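Visitor: requesting a structural model of the entry that follows:
(2 chains)
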Amino acid sequence: MPEEAEAIATTEVSDDDRATALLSSVADGSQEAFSELYDLLAPRVFGLIQRILVDRAQAEEVAQEVFLEVWQTATRFAPNKGGARGWILTMAHRRAVDRVRASQAGRDRDVRIGIRDRKVEYDSVSEDVELKLESERVDRALRTLSDIQRQAISLAYHGGLSQSEVAERLGIPLGTVKTRIRDGMIKLREELGVAL
Amino acid sequence: MNDTNRDDDLTVGEPHDDAPATLAALSALGALDDGEVAEFERYLASSDETKADARSFAATADLLASDIEPPASLKASIMSMIATTPQLPADAATAPASSEAPTAASSAPVAPVAAAAPSTLAPSSPTTKASNAAQTARTSKAQQKAKSRWYSGPASALVAAVALVAVLLGANVLTGVLNNGNGLQEALRLAHINAQPDAMRETIRLTNINDEKQVTATLVWSGALAESVMIVDGLAKLPNEKTYELWYIGEDGPISAGVFNTDRVGESWRVLEGAMSAGDAVGVTVEPAGGSEQPTTDPLIVIHTS
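Guide: Got it, this is the predicted structure:
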């Protein structure tokens, strides 16, 4: 178990390093590097956006905006602040959330989206074995959290809610949401073997 | 598995002590309230521990998302957009805050999207400056006409063309673009058409009734340039005595726009000869080798441009 976790964590890091190296070439105007960077990150960026927005056409528009922004602002990425992968995924998350908040569709969204069972989604979406394995690992890790921790994290990340909105949705004080999310993330970080 | 009780001490104590870690966790999930962003930035700038937290929480959040393969057309759109979109200058003043750069810069860089979006409507009256060329261009090398138009940056344009064709055909990148008798000039022309602000794209899918094979045909056109390019996949390779012929079909009937054949896997693309008029449909027929003045068979493929 610890070995598996370690191996996966290493893969994540080298992927991130690769993204960071590519982004630095993109900052120098390399379209070839951009193309590689796109291939490396597009499925995850699109998966994240699609999960938040649900609507596929809107997800495509937002993904397009995100990658265009990556191209334009690569020159302003500061590697000392973290990896390129996180930088881009954070950007994707923010853009998707902005779009949800801007659109009527977002307000009409099914409340349950943020807390629906991951398993259902994976069973219907995933085709490849690797994704399946990773999802099982994530499912296992998620099951070690308390219900409130899991719901708060999922509402924030998959549902695109801010902590105040999470507090409102779950009917618990903001301070509780903060600590539940922090503790839950620390737990997940450890369960998933993410290197500090 | 549950050997993590030692973490319990993190859940007690003064909330304030945990503030940087809490903000890092919330930030990784995109859940910070607006008022807390600046506070988090301060911690991030001053504490290596917060930086490590931010990075590892981001990696954790990353694992919570699932991969979904985006449609191939998305990459084509993006590659052609970046080929014509300048990058922002590296700004020394804003660089230190750049983990939040997307927020700071978000109003400026997004603007070009609207202008370059593939959904832009075609202009109602595209130029038809070369309308006479249609009849005469058939036997001439199309790139002669095109040469004068090439904008600077052929390398960028080539990358965009490579990306577009590679994505639409899933083809081996350079060979896919440059084969089928298409040279560099044709590739540049394709990129130029696809990079127009009014560029439009339409894909149709058919099933060949003889072999049940899926046939995909995509037309990319620019009304402003009055030019278009046809990209096909899965279209059976014809014997030597036959050829595929392209037609602009307008009010005056079909006008030949050049011939092509496909390779073994049925892929090909070519820039149409002559000028597209507003509202033209583009058709593909099978003709005797060398092509015909007028179509002699019913079109296999028809794509409308309006």
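Visitor: which helix or which strand is home to residue B:269?
Guide: With elements taken from DSSP states H and E, the one containing residue B:269 is strand B:268-271.
Visitor: give the next helix or strand downstream of the strand or helix carrying residue B:42.
Guide: Counting by DSSP H and E, the element that carries residue B:42 is helix B:37-46. In the C-terminal direction, the helix or strand that comes right after helix B:37-46 (DSSP H and E) is helix B:48-64.
Visitor: phi, psi for residue B:251 please.
Guide: Recorded main-chain torsions at residue B:251 are phi -60, psi -30, according to degrees, to the nearest 10.
Visitor: what's the answer for the one 4 residues further on, then?
Guide: Geometry field for residue B:255 lists phi and psi as phi -120, psi 130, criterion degrees, to the nearest 10.
Visitor: show me chain A divided up by domain.
Guide: Partitioning chain A according to automatic domain parsing yields domains covering residues A:1-108, A:110-196.
Visitor: check these for me: which has the lowest mean pLDDT.
Guide: By mean pLDDT, the lowest-scoring of the domains of chain A turns out to be domain A:110-196, with a mean of 75.
Visitor: surely residue B:85 and residue A:70 touch.
Guide: No. Contact status for residue B:85 versus residue A:70: not in contact, 11.2 Å apart, counting by CB atoms under 8 Å. Quick note: C-beta positions are derived from backbone N, CA and C, even for glycine.
Visitor: so which of the two has more stuff around it?
Guide: Counted by other CB atoms under 10 Å in any protein chain shown, residue B:85 and residue A:70 do not tie: residue A:70 has more neighbours, with 26 against 17.
Visitor: and the helix or strand hosting residue B:205, average pLDDT?
Guide: Using DSSP H and E, the element containing residue B:205 is strand B:200-207. Looking at strand B:200-207 alone, the average pLDDT works out to 82.
Visitor: give me the helices and strands touching the helix or strand following it, please.
Guide: Tracing the chain C-terminally past strand B:200-207 and defining elements by DSSP H and E, one meets strand B:214-222 next. Identification of packing neighbours for strand B:214-222 by 3 or more CB pairs under 8 Å, 6 or more residues apart in numbering or on different chains; DSSP states H and E yields helix B:154-169, helix B:184-194, strand B:200-207, strand B:227-233, strand B:281-288, strand B:301-304.
Visitor: ok, of the ones you listed, where does mean pLDDT dip lowest?
Guide: Averaging pLDDT over each of the helices and strands packed on strand B:214-222 singles out helix B:154-169 as the lowest, with a mean of 55.
Visitor: how about residue B:241, what does it touch?
Guide: B:288, B:289 (CB atoms under 8 Å, 6 or more residues apart in numbering or on different chains).
Visitor: do residue B:259 as well
Guide: B:243, B:244, B:245, B:246, B:287, B:290, B:291.
Visitor: 6 Å - rerun?
Guide: When contacts are counted by CB atoms under 6 Å, 6 or more residues apart in numbering or on different chains, residue B:259 is found next to B:243, B:245, B:291.
Visitor: I'd guess it is in a strand, am I close?
Guide: Yes. Assignment of residue B:259 by DSSP: H, G, I helix; E, B strand; the rest coil places it within a strand.
Visitor: quickly list what it is bridged to.
Guide: residue B:245 (DSSP bridges).
Visitor: and it, what pLDDT?
Guide: The model's pLDDT for residue B:259 equals 92.
Visitor: what is the burial count for residue A:33?
Guide: Residue A:33: 18 surrounding residues under other CB under 10 Å.
Visitor: that one: which element?
Guide: With elements taken from DSSP H and E, the one containing residue A:33 is helix A:31-53.
Visitor: following element in sequence after that helix, please.
Guide: helix A:56-73.
Visitor: anything in that following helix sitting right up against chain B?
Guide: Yes. Judged by CB under 6 Å from any CB of the partner chain, helix A:56-73 and chain B are in contact via A:60, A:63, A:64, A:65, A:67, A:68, A:69, A:71, A:72, A:73.
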